[in-house]
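K.L.:
Prediction below, plus the sequence it came from.
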Amino acid sequence: MRVALTLISLTVVGGAERLTLDMYRALKELGHEVDLYTAHFSEGAWQVLTSGMNGIPRPTVLGEPLIDRLFGRTVLLGKLLVASYLVRRLRPYYDLVIETQSGAPLRWADVTYVHFPFMYFLKLYLGRQHEFLYEKAYDSLVALATRALADSTKPVMTNSTWTAKYIRGAYGSQRIYVVHPPVNVEELPSVGGDRGRIVLTVSRMDWGKRVIDIPEIAKLVPEAEFYLVGSTSPESGPILKILKERAEELRNFHLETNVPRKRIIELMSQASVYLHPPFAEHFGIAIAEAAVAGLVPVVYRDGGGWTDIVSRIDQGLGYTGVEEAAYIVRWLLNDPGRLKVLSARAREVAKGFSYERFKERLNEVISSLSPGLSAK
């Protein structure tokens, strides 16, 4: 089949962007003719995303619709308008159009990969108190656009059983396929060395990820070295400022931003524990990668990272607050025998998130859709 993959923006290094490139590669290997499209493109983000990946051509940049430029790329409405514009423009020329970033089962897409339902955030916006009339009018406009552009009968792929529950609640969708994002299990199992009392966190530096709590946990476990590494964006400035303020007198907290892949792998070979920030991760590529590498993951007790990954390793690895996270980290570091057992268990669970399994599952979904598509 001729397949079009679309994503709204390729300007940051994140899970949605990586998932789209892995999907491109898998569809090509399954014998499909695949083209990649976006509205916004950053050369820097592209270089980081494709580091170590061969055969991924640059996407065709179609640009944004005029109406989106008029609205100034507003976060909620802009995403929907751009995604719909891309899908509708490409639909007549392809057998299958897959949209991977909007967060809604778009009416004109054959299938959408929803990392988390856009409608859930919209309901939060609609329920807030409005200081100005134009804010209420804007939220109502977004709600109207969502109802017009989304279609609950359209099939949806998603990243975890946890996210699937929210999609069903937000849109009433019944055709939901869990397709876990792939992890490079070929590269990471070889990671290993003299593990020390090192705790690693890998995360983008944005407000939603709650990375500012990592120094607070480090304060409570002074006998361990904490490393927080991850990518930044133009909006990361205030977060980095808070992190530096909270870590000003901390000798056991280390912040590294925009580091190359080889540096992350180096830290994975040295760390014993992976600590994810107190955020309900929809899946958590970093969590799965850490597990593959043999680190014992400690995560917030909610989200797909918990339900689909860490709870299957051990129920005692989930936390709900800073103090509990510190307690679990200390418990692990002070029990080398238990740490070794959980490390082996983490590797075993993470094998289920291999690229080959991802490709196999993607093929199952595409095959289930193709009978209807062939009739178009």
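P.N.:
Ah, there it is.

K.L.:
Show me the shaky parts of the protein.
P.N.:
Applying pLDDT under 70 to the chain flags residues 65-75, 120-132, 134-135, 189-194, 371-376.

K.L.:
State the helix or strand in which Glu356 lies.
P.N.:
helix 355-374 (DSSP states H and E).

K.L.:
tell me which residues in that helix are buried?
P.N.:
Residues of helix 355-374 classed as buried under the neighbour-count rule (16 or more other CB atoms under 10 Å) are 355, 357-359, 361-363, 365-366, 369. Using the backbone N, CA and C atoms, a C-beta is placed for each residue, glycine as well.

K.L.:
Could you do stretch 337-349 as well?
P.N.:
339, 342-343, 346-347, 349.

K.L.:
still on that earlier bit, run through who's touching the helix holding Glu356.
P.N.:
With CB atoms under 8 Å, 6 or more residues apart in numbering as the test, helix 355-374 has contacts from 1, 22-23, 26-27, 29-30, 32, 95-96, 110-111, 155, 157, 177, 179-186.

K.L.:
what do you get if the cut-off is 7 Å, keeping everything else the same?
P.N.:
With contact meaning CB atoms under 7 Å, 6 or more residues apart in numbering, helix 355-374 is reached by 1, 22-23, 26, 29-30, 95-96, 110-111, 155, 157, 177, 179-182, 184.

K.L.:
ok, now which ones touch the residue nearest to the spatial centre of the chain?
P.N.:
In the chain, the centroid-proximal residue (CA atoms, centre = their mean) is Gly15; its distance is 3.4 Å. Contact analysis of Gly15 by CB under 7 Å, 6+ apart lists 115, 181, 285.

K.L.:
now the second one, what's its secondary structure?
P.N.:
It refers to Pro181. coil (DSSP: H, G, I helix; E, B strand; the rest coil).

K.L.:
ok, it touching Glu281?
P.N.:
No - counting by CB atoms under 7 Å, Glu281 is not a contact partner of Pro181; they are 11.3 Å apart.

K.L.:
more crowded one of those two?
P.N.:
Neighbour totals were compared for Pro181 and Glu281, and Glu281 leads with 28 against 23 (other CB atoms under 10 Å).

K.L.:
Skip the chain neighbours and tell me the closest residue to the more buried one.
P.N.:
Gly305 (3.9 Å; CB to CB, 6 or more residues apart in numbering).

K.L.:
Check Ser102 too.
P.N.:
Ala83 (3.6 Å).

K.L.:
what's the spacing between that neighbour and Thr38?
P.N.:
10 Å (CB to CB, to the nearest Å).

K.L.:
what sits in contact with each of those two?
P.N.:
Joint contacts of Ala83 and Thr38 (CB under 7 Å, 6+ apart) are Ile8.

K.L.:
How are the helices of the stretch 201-350 of the chain distributed by residue range?
P.N.:
Ranges of helices within the stretch 201-350 of the chain are 214-220, 237-246, 261-270, 285-292, 304, 322-333, 336-350, based on DSSP state H, counting those that start in this stretch.

K.L.:
among the ones you listed, which is the most enclosed?
P.N.:
Here the criterion is mean neighbour count by mean count of other CB atoms under 10 Å, and of the helices of the stretch 201-350 of the chain the winner is helix 304, at a mean of 28.

K.L.:
what residues does it touch?
P.N.:
In contact with helix 304 (CB under 7 Å, 6+ apart) are residues 159-160, 162-163, 281-284.

K.L.:
which ones among those are found in strands?
P.N.:
Counting by DSSP state E, no part of the contacts of helix 304 is found in strands.

K.L.:
Buried ones from those residues, can you make that a PyMOL selection?
P.N.:
Applying 16+ other CB under 10 Å to the contacts of helix 304, the buried members can be selected in PyMOL as follows:
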select buried, resi 159+160+162+163+281+282+283+284
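
K.L.:
Can you add distance to Val229 and give the contacts of helix 304 back as JSON lines?
P.N.:
Shown next, in JSON lines, are the contacts of helix 304 (distance: CB to CB, whole Å):
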{"residue": "Asn159", "distance to Val229": "22"}
{"residue": "Ser160", "distance to Val229": "24"}
{"residue": "Trp162", "distance to Val229": "25"}
{"residue": "Thr163", "distance to Val229": "25"}
{"residue": "Glu281", "distance to Val229": "16"}
{"residue": "His282", "distance to Val229": "20"}
{"residue": "Phe283", "distance to Val229": "19"}
{"residue": "Gly284", "distance to Val229": "15"}
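
K.L.:
CA atoms only: put the helix or strand hosting Arg25 into PDB for me.
P.N.:
Here Arg25 sits within helix 15-29, counting by DSSP H and E. The C-alpha trace of helix 15-29 is given here as PDB (Å, rounded to 0.1, in the frame of the first residue of the first chain):
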ATOM      1  CA  GLY A  15       8.500  10.200  22.100                       C
ATOM      2  CA  ALA A  16       5.900  11.100  19.400                       C
ATOM      3  CA  GLU A  17       8.700  12.100  16.900                       C
ATOM      4  CA  ARG A  18      10.700   8.900  17.600                       C
ATOM      5  CA  LEU A  19       7.600   6.800  17.300                       C
ATOM      6  CA  THR A  20       6.800   8.200  13.900                       C
ATOM      7  CA  LEU A  21      10.300   7.500  12.600                       C
ATOM      8  CA  ASP A  22      10.200   3.900  13.900                       C
ATOM      9  CA  MET A  23       6.800   3.500  12.300                       C
ATOM     10  CA  TYR A  24       8.200   4.700   9.000                       C
ATOM     11  CA  ARG A  25      11.000   2.200   9.200                       C
ATOM     12  CA  ALA A  26       8.700  -0.700  10.100                       C
ATOM     13  CA  LEU A  27       6.200   0.000   7.400                       C
ATOM     14  CA  LYS A  28       9.000   0.200   4.800                       C
ATOM     15  CA  GLU A  29      10.300  -3.200   6.000                       C
END
